[in-house]
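*Asks:* need a 3D model of the following:
(one chain, ligands or ions: 2)
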Amino acid sequence: MNTLRAKLVLLLAVAIISVVGVLTGVLLYLFRPPGGQHMGPVADQVLMLKRIAEQSPTSLPLSDAPAAGKPRPEITRWLKQDLDARGAALNVAVTRSGDSAPQVVSIPVNGAWLHLPIPDLPPPDGGWHVLINWLALITLGALAIAIFVANRMIQPLVLLEKAIASVGPDALMPELPVKGPAEVKVAAKALNSLSSRLKDAMESRMRLVAAAGHDMRTPITRMRLRAEFVTEDDDRAMWLKDIDELERIADSAIVLVREESGASHAETVRLDDLVSGIVGELRGLSYKAELESTVPALVHANRVALNRAFRNLIINAATHGQGARVRMEYDTRCVRVIIEDDGPGIPPKLLGQVFEPFFRADPARRQNIAGAGLGLTIAREIVRRSGGDIRILNGEKRGLRQFVELPLSD
Ligand SMILES: Nc1ncnc2c1ncn2[C@@H]1O[C@H](COP(=O)(O)OP(=O)(O)OP(=O)(O)O)[C@@H](O)[C@H]1O
Ligand SMILES: [Mg+2]
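*Replies:* Ligands and ions are numbered 1, 2, ... in the order given. Model prediction:
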């Protein structure tokens, strides 16, 4: 009921029904049945006939009793008032013997009664039903028109909603068909042009990063060769360390571009095997990593990319966090891998930036732990591409908790 469509329908229907309702009221008032002001001529006829009947009693048929039927007190009152106004206070009575029978005025004439039929304009039989049906018809008609108009009016918004829903994990939107009413065509064209400009901008950014990463390799190799000739041992070690870092940044940038530009082959992956394989491999490389528990889970992802994502997260916990603990659990329709450590965590005000490229929580730590600052960016890109997401929180006392959620494959 809170949708724009429902509100428009309601607004239009209420507007139409109130206008027609008020007009119906005005019409009913203007064409209301005649009231007391129309009884004057009847009073004149009553007096005239009474006079004739008194002067020549045989000229008119007289009865012993007033006409039978249902009394009409209001009309009787109006008629008596008009007779009074003419100076003849007569004890007349108006009755009607049936719905289709005319009204009859019973006029007392010397102990007998003269019956005079008078015109009657009663409302049609079951007048209220007619009115209710009329209003129901108007309501239905107004609702139908309101739904039709509201649907047409919000078509551009529906298109926008569909377009947003169709944005894939690569942030690209499929081309929308340019058809339908003018407003929808304009909205579709605008969205298509926005999407194509966004795609161009993303592709040119990717090309730039990939080219820069690639072109850096040659000067880095030259620098490495020159560094080998530095005679001072300490100096040489520092040069080589910096060159290693440069190389890692260039490599990571290329990996990130590859992940963002998509084109990865997804398959069904046994996540518990993948995670325990990574922990085993990292332990073999002397990283401090421990597998606490796993649950069997199949997910749909690119195996090599997913491997890289979990490696990045577990290595972070093992290095920045001084020791990784990994466990798995199910959630509704998804599986969660939790990677915890007891390290320093990340200052709360910086937590919102952890997935930004080249983010380093503490630049001073660069001295001890080498890294490009792209590991988390790459990991999130990969996990999101598989329909999942990563959340990173600080532990209650210390350490960092990384939650990776992936939809279970059927
Ligand atoms: N478990 C952790 N504990 C504390 N700080 C962390 C943890 N994981 C990541 N960080 C902080 O987040 C920063 C970004 O991590 P990210 O993995 O993106 O880059 P990196 O590890 O520095 O380099 P690389 O690209 O080689 O992974 C790290 O430099 C570190 O400051
Ligand atoms: Mg890292």
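
*Asks:* which residues does the residue in the stretch 101-250 of the chain positioned nearest to ligand 1 contact?
*Replies:* Closest residue of the stretch 101-250 of the chain to ligand 1, CB to the nearest ligand atom: Arg248 (6.0 Å). (Glycine included, C-beta is placed from N, CA and C.) By CB atoms under 8 Å, 6 or more residues apart in numbering, the contact list for Arg248 reads Ala370, Gly371, Ala372.

*Asks:* and it, that's in a strand?
*Replies:* No: per DSSP: H, G, I helix; E, B strand; the rest coil, Arg248 lies outside any strand segment and is helix.

*Asks:* pLDDT wise, what is it at?
*Replies:* If you check Arg248, the pLDDT there is 86.

*Asks:* now do the strands in this structure.
*Replies:* Here the chain has its strands, by DSSP state E, at 62-63, 70-71, 93-96, 103-109, 112-118, 267-270, 289-293, 298-301, 324-331, 334-340, 389-394, 400-407.

*Asks:* just the mean pLDDT for the fifth one, thanks.
*Replies:* I take that to be strand 112-118. On average, strand 112-118 scores 90.

*Asks:* give me the buried stretch members for it, please.
*Replies:* Buried residues in strand 112-118, defined by neighbour count with 16 or more other CB atoms under 10 Å: Trp113, Leu114, His115, Leu116, Ile118.

*Asks:* partner residues bridging the third one?
*Replies:* Pointing back at His115 there. Taking DSSP bridges as the rule, His115 bridges to Ser106.

*Asks:* which ones are touching it?
*Replies:* Shown in contact with His115 (CB under 8 Å, 6+ apart): Pro61, Ser63, Pro66, Ala67, Val104, Val105, Ser106, Ile107.

*Asks:* right, and the fifth one touches Ile118 too?
*Replies:* Going back to what we said before, that points to Val104. Yes: using CB atoms under 8 Å, Val104 and Ile118 qualify as a contacting pair, with a distance of 7.4 Å.

*Asks:* lowest-confidence helix or strand of the chain?
*Replies:* When the helices and strands of the chain are scored by mean pLDDT, DSSP states H and E, helix 155-165 comes last with a mean of 81.

*Asks:* need the buried residues of strand 112-118 in TSV (columns: distance to ligand 2).
*Replies:* Converted to TSV, the buried residues of strand 112-118 look like this (distance: CB to the ion, whole Å):
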residue	distance to ligand 2
Trp113	114
Leu114	115
His115	111
Leu116	110
Ile118	104
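
*Asks:* nearest to Val209, of those?
*Replies:* Nearest to Val209 among the buried residues of strand 112-118 is Ile118, at 100.0 Å by CB to CB.

*Asks:* got the residues of the stretch 1-150 of the chain near ligand 2?
*Replies:* For the stretch 1-150 of the chain, no residues are found near ligand 2 under the criterion CB under 5 Å from the ion.

*Asks:* pLDDT weak spots in the stretch 1-150 of the chain?
*Replies:* By pLDDT under 70, the weakly predicted segments of the stretch 1-150 of the chain are 1-2, 33-37, 121-126.

*Asks:* where along it do the helices fall?
*Replies:* Per DSSP state H, counting those that start in this stretch, the stretch 1-150 of the chain carries helices over the ranges 4-30, 40-55, 73-85, 127-153.

*Asks:* what's the angle between the shortest one and strand 112-118?
*Replies:* Meaning helix 73-85. Relative orientation of helix 73-85 versus strand 112-118 (axes from the mean of the first three to the mean of the last three CA atoms, to 10 degrees): 110 degrees.

*Asks:* ditto for the last one
*Replies:* Computed with the same axes, to 10 degrees, the direction of helix 127-153 lies at 20 degrees from that of strand 112-118.
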